[in-house]
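J.: coordinates only, no sequence provided:
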């Protein structure tokens, strides 16, 4: 008898990180579309949450202007993520202006805020953190 070689760990599905990339200038009119895009990343076709404990990344490094419309988008995206069985929204490549606004309105504790490329260490995009 011969068995084909399996790749990966038995019983463990390979996971692709869920990443929502936000670029350009975010307006209030764009927020519902961003939320819908995040929902499509978080939920399968049957409406069940996909890997709820995995979290989701939101890359905001391509945003050209940090303002209250962007802060509203982050807040609503955070709510969408939380509704998906407690999924946590992680912001990547956060510009210092957005970090300051999130601190100002009290949202820095609602989402995981990271600076720099990839997972971020806080050493890029201004270098001082907050």
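T.: Noted; the coordinates are in hand. Computed from a predicted structure; not experimentally measured.
J.: report all helices and strands that the longest strand that the chain contains contacts.
T.: Longest strand of the chain, by residue count under DSSP state E: strand 56-63. Other helices and strands packing on strand 56-63, by 3 or more Cβ pairs under 8 Å, 6 or more residues apart in numbering; DSSP states H and E, are strand 19-24, helix 31-42, helix 68-83, strand 89-92. (Glycine included, C-beta is placed from N, CA and C.)
J.: gap between residue 83 and residue 40?
T.: Shown here: residue 83 relative to residue 40, a distance of 14 Å by Cβ to Cβ, to the nearest Å.
J.: what residue ranges in the protein score low on pLDDT?
T.: Scanning the chain with the threshold set as pLDDT under 70 gives 1-17, 48-49, 51-54, 115-130.
J.: got the helices and strands packed on strand 56-63 as JSON lines, with distance to residue 110 and mean neighbour count columns?
T.: Converted to JSON lines, these look like this (distance: least, Cβ to Cβ, whole Å; neighbours: other Cβ atoms under 10 Å):
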{"stretch": "strand 19-24", "distance to residue 110": "16", "mean neighbour count": "15"}
{"stretch": "helix 31-42", "distance to residue 110": "15", "mean neighbour count": "16"}
{"stretch": "helix 68-83", "distance to residue 110": "5", "mean neighbour count": "19"}
{"stretch": "strand 89-92", "distance to residue 110": "8", "mean neighbour count": "22"}
